[in-house]
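In: 3D, please:
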Amino acid sequence: MSLQRNRESNRNDNATANKLTNVLFIIYLLALLWILVFKLGVQFSYMADRSVNLIPFGEPLMSNGKADFSEMILNAVIFVPLGIYTGVLFERWSFWKRVRFVFSVSLVIEALQFLLKVGAFDITDIITNTVGGVIGLVLYKAIAKIFRNSRKAQNFVNVSAAIGTAGMVLLLVLLKLDLLPIRYR
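Out: This is a model prediction of the structure:
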């Protein structure tokens, strides 16, 4: 009888962890869309122009004759959580199927930027976004290895993501309300 209660408790814990992971993932995706596709609700001057860059690490990355590595790094960093969530939520998928998922999300975002006239379709962004997602996948794999248990790793990710999500939402709200000394206009 005790064993059966234990199994039911574990199933309930797993269901709760999965629901929390899904909710955090949806919040992350919405924030990603708001930041990358809707540009935080700000209209930038370049938005009227549509462009396509199919040459990786080419001219659009240049600023004053130098490569703008900060944009590439930020593109990778913003996709690390996607890799982590993909590792947690699609654990049964092969590594390459998860990489294809990250790539596809990046491709869709770049296409939406072009179609909605809010940015360029840039192959470099797709590459750096995918690299960020792969870093997230590897990071989740390391977390799971450290905990030696995917459920404990998921709980760690959920707690970390909940704290990070709360911080991100607070930052975005403060930015939108112009309550920070940082201006993004």
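
In: from here on, contacts and neighbour counts on C-alpha atoms
Out: Noted.

In: Let me see the ranges of the strands in the protein.
Out: When secondary structure is read from DSSP state E, the chain shows strands at 52-53, 62-63, 66-67, 121-122.

In: least reliable of those strands going by mean pLDDT?
Out: Between the strands of the chain, the one with the least mean pLDDT is strand 62-63; it has a mean of 60.

In: Roughly how far does residue 28 sit from residue 131?
Out: Residue 28 sits at a distance of 18 Å from residue 131 (criterion: CA to CA, to the nearest Å).

In: where along the protein do the helices fall?
Out: Secondary structure of the chain (DSSP state H): helices located at 2-36, 69-89, 95-115, 123-147, 150-176.

In: Tell me which of the ones you listed lies nearest to residue 51.
Out: Smallest distance to residue 51 across these (CA to CA): 7.2 Å, for helix 95-115.

In: which ones are touching the closest residue to residue 52 other than its chain neighbours?
Out: In space, residue 52 comes closest to residue 121 once its chain neighbours are excluded; the distance is 4.7 Å by CA to CA, 6 or more residues apart in numbering. Going by CA atoms under 8 Å, 6 or more residues apart in numbering, residue 121 touches 51, 52, 53, 110, 111, 113, 114.

In: isn't the second one right up against residue 119?
Out: No. The pair residue 52 and residue 119 does not pass the contact test of CA atoms under 8 Å, sitting 9.4 Å apart.

In: how about the helices of the chain, which one is nearest residue 58?
Out: Between residue 58 and the helices of the chain, the shortest separation by CA to CA is 7.9 Å, and it involves helix 123-147.

In: For the contacts of residue 121, work out which two are farthest apart.
Out: Distance extremes for the contacts of residue 121: the farthest pair is 53 and 113 at 12.7 Å, using CA to CA.

In: Which one's more surrounded, these two?
Out: In this view residue 53 and residue 113 are compared by other CA atoms under 10 Å, and residue 113 has more residues nearby, 23 against 15.

In: right, and the more buried one touches residue 107 too?
Out: No. Taking contact to mean CA under 8 Å, the distance of 9.9 Å between residue 113 and residue 107 leaves them out of contact.

In: Residue 68 - how many residues pack around it?
Out: As a burial measure, the neighbour count of residue 68 was computed by other CA under 10 Å and equals 14.

In: Next one: the nearest residue to residue 53 once chain neighbours are set aside from residue 110, what distance?
Out: By the measure of CA to CA, 6+ apart, the closest residue to residue 53 outside its immediate chain neighbours is residue 122, 4.7 Å from it. Between residue 122 and residue 110 the distance, using CA to CA, works out to 7 Å.
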